[in-house]
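[1] Show me the folded form of this:
(one chain, ligands or ions: 1)
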Amino acid sequence: MHFIDFRSDTVTKPTEEMRRAMFTAEVGDDVYGEDPTINRLEALAAKMLGKEDALFVTSGTQGNQVAILTHCRPGDEVILEAESHIFFYEAGAASALAGVQTRPIRGHKGAMDPSDVKKAIRSDDIHHPYSGLICLENTHNKAGGKVIPIETMKAIYEIAKEKEIPVHLDGARLFNAAVALGVPVTEFTQYVDTVQVCLSKGLSAPVGSVLAGSKSFIKEARKWRKRLGGGLRQAGVLAAPGIIALEKMVDRLAEDHANARQLAEGLAAVPGLHVDVAGVETNIVLCDIKGTGLSNKEFLTRLKEAGILAVPFDEGVIRFVTHREVTSDMVQTAIERIRQLVR
Ligand code: TLP
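    Model prediction:
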């Protein structure tokens, strides 16, 4: 069966053009700094993200963890949003690898209130850990692809600078945020020291993320990536589709956002389902199924039987993500099938 796959934008396969670019990519040993395609990707990413330098990493998780390892020392405290990916979905890596403790702050639609961040910053007291890093996430996955307002990022950055604490942005879907607001990504990245952006989500590259920051930060991050076994050799075959992702796949994210809106409106009209349609800002739709009387498991089983895939998110909440391989027609088909299956 050919599924309509809403599980994640990570399922997107490389385009024909990406596969051809992989085949013909000029390569060298990147641990020696000799892979011309990797070097081109890193220079392009740094420029687009408005930072001095960038580093290709194997995944969003590796990018975030290398950032934490580079910014912090064991025993430091990392301030982050309570449902952020780093806190929720990275298998405890920040404590397991960097030896930091996390300080989760409950946000509103994924955005921490700057005054809460300020209150969480530790004072100079022998009992306290050092506040080593503040992490933001934009768009915010658990909040349903919400765009964290630029003004919020600016306010947090100003507080952080006053206290000399670095700010890292998990920008796995930062280009979705930029496209949603119709602004360049640098509008966001000007208010962070470092940023991780995924090439392998809506941008459709098969593998990888980029981590960007100052020259000195990236030099140190490169060593942490090596320690984690992330020093790749002829990695140009992976960088080649990444370049296409950055150069050609950003603008089309608007289609994914339109399809998400269409899906949200369609599902909201199905009895028993609840969707905050106005809250759908990018490519993620959270659908509350409690009114159907079905459990997540029962609902997902019926979906699968109807040829549709999605993931459980919270008790009674299912996440649908739109991406390049889900067309508007497929969204319409999915809405009709879902209407049948909850009856
Ligand atoms: N998110 C995945 C799952 O891990 C939940 C998904 O399907 O959404 N930051 C954010 C905000 C993310 O959403 C993700 C992936 C990552 C980081 C990690 O990226 P990868 O999967 O490349 O390690």
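
[2] Show the contacting residues for residue 38.
    By CB atoms under 8 Å, 6 or more residues apart in numbering, the residues touching residue 38 are 30, 56, 232, 235-236, 239. Every C-beta, even on glycine, is put in place using the N, C-alpha and C of the backbone.

[3] In helices, which of the residues you listed fall?
    Under the assignment DSSP state H, the contacts of residue 38 contribute 236, 239 to helices.

[4] Please identify which of the contacts of residue 38 is nearest to the ligand.
    residue 56 (12.5 Å; CB to the nearest ligand atom).

[5] Quick one: residues contacting that closest one.
    By CB under 8 Å, 6+ apart, residue 56 lies in contact with 30, 38, 41-42, 45, 208-210, 232, 235, 238-239, 242.

[6] List the beta-bridge partners for it.
    Per DSSP bridges, the residues bridged to residue 56 are residue 210.

[7] So it versus residue 208, what's the distance?
    Distance, residue 56 to residue 208, using CB to CB, to the nearest Å: 6 Å.

[8] and for the two, which residues touch both?
    238-239, 242.

[9] Restricting to C-alpha, output stretch 226-239 in CSV.
    Listed next in CSV are the C-alpha coordinates belonging to stretch 226-239 (Å, rounded to 0.1, in the frame of the first residue of the first chain):
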residue,chain,number,x,y,z
LYS,A,226,35.4,14.5,16.1
ARG,A,227,35.2,13.2,19.7
LEU,A,228,31.6,12.0,19.0
GLY,A,229,32.8,10.1,16.0
GLY,A,230,31.3,12.6,13.6
GLY,A,231,34.5,13.4,11.6
LEU,A,232,33.4,12.1,8.2
ARG,A,233,35.7,11.4,5.3
GLN,A,234,34.3,11.8,1.7
ALA,A,235,31.2,13.6,3.1
GLY,A,236,30.7,15.7,0.0
VAL,A,237,28.2,13.1,-1.2
LEU,A,238,26.0,14.2,1.7
ALA,A,239,26.9,17.9,1.4
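
[10] quick one: it to chain centroid distance?
    Computed by CA atoms, centre = their mean, to the nearest Å, the separation of stretch 226-239 from the middle of its chain amounts to 21 Å.

[11] What are the buried residues along it?
    228, 230, 232, 234-239 (16 or more other CB atoms under 10 Å).

[12] picking up where we left off before, mind putting the shared contacts of residue 56 and residue 208 in JSON lines, distance to residue 219 and pLDDT included?
    Output for these, formatted as JSON lines (distance: CB to CB, whole Å; pLDDT from 0 to 100):
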{"residue": "238", "distance to residue 219": "21", "pLDDT": "98"}
{"residue": "239", "distance to residue 219": "19", "pLDDT": "98"}
{"residue": "242", "distance to residue 219": "21", "pLDDT": "98"}
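
[13] give me phi/psi at residue 136?
    With angles defined as degrees, to the nearest 10, residue 136 sits at phi -120, psi 160.

[14] Tabulate the CA atom coordinates of stretch 269-277 in PDB.
    The C-alpha trace of stretch 269-277 is given here as PDB (Å, rounded to 0.1, in the frame of the first residue of the first chain):
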ATOM      1  CA  ALA A 269     -14.800  20.000  10.400                       C
ATOM      2  CA  VAL A 270     -14.900  16.300  11.300                       C
ATOM      3  CA  PRO A 271     -17.100  15.600  14.300                       C
ATOM      4  CA  GLY A 272     -15.100  14.500  17.300                       C
ATOM      5  CA  LEU A 273     -11.900  16.100  16.100                       C
ATOM      6  CA  HIS A 274     -10.600  19.400  17.400                       C
ATOM      7  CA  VAL A 275      -7.900  21.400  15.700                       C
ATOM      8  CA  ASP A 276      -6.800  25.000  16.600                       C
ATOM      9  CA  VAL A 277      -6.800  26.100  12.900                       C
END
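
[15] Give me every residue in the stretch 201-343 of the chain lying close to the ligand.
    Contact residues (CB under 6 Å from any ligand atom) of the stretch 201-343 of the chain with the ligand: residue 209.

[16] In the stretch 201-343 of the chain, which residue sits closest to the ligand?
    Proximity of the stretch 201-343 of the chain to the ligand (CB to the nearest ligand atom) peaks at residue 209, 5.9 Å away.

[17] Please confirm that residue 134 is located within a strand.
    Yes - looking at residue 134 with DSSP: H, G, I helix; E, B strand; the rest coil, it is inside a strand.

[18] roughly how far apart are it and residue 81?
    Counting by CB to CB - residue 134 and residue 81 are separated by 10 Å.
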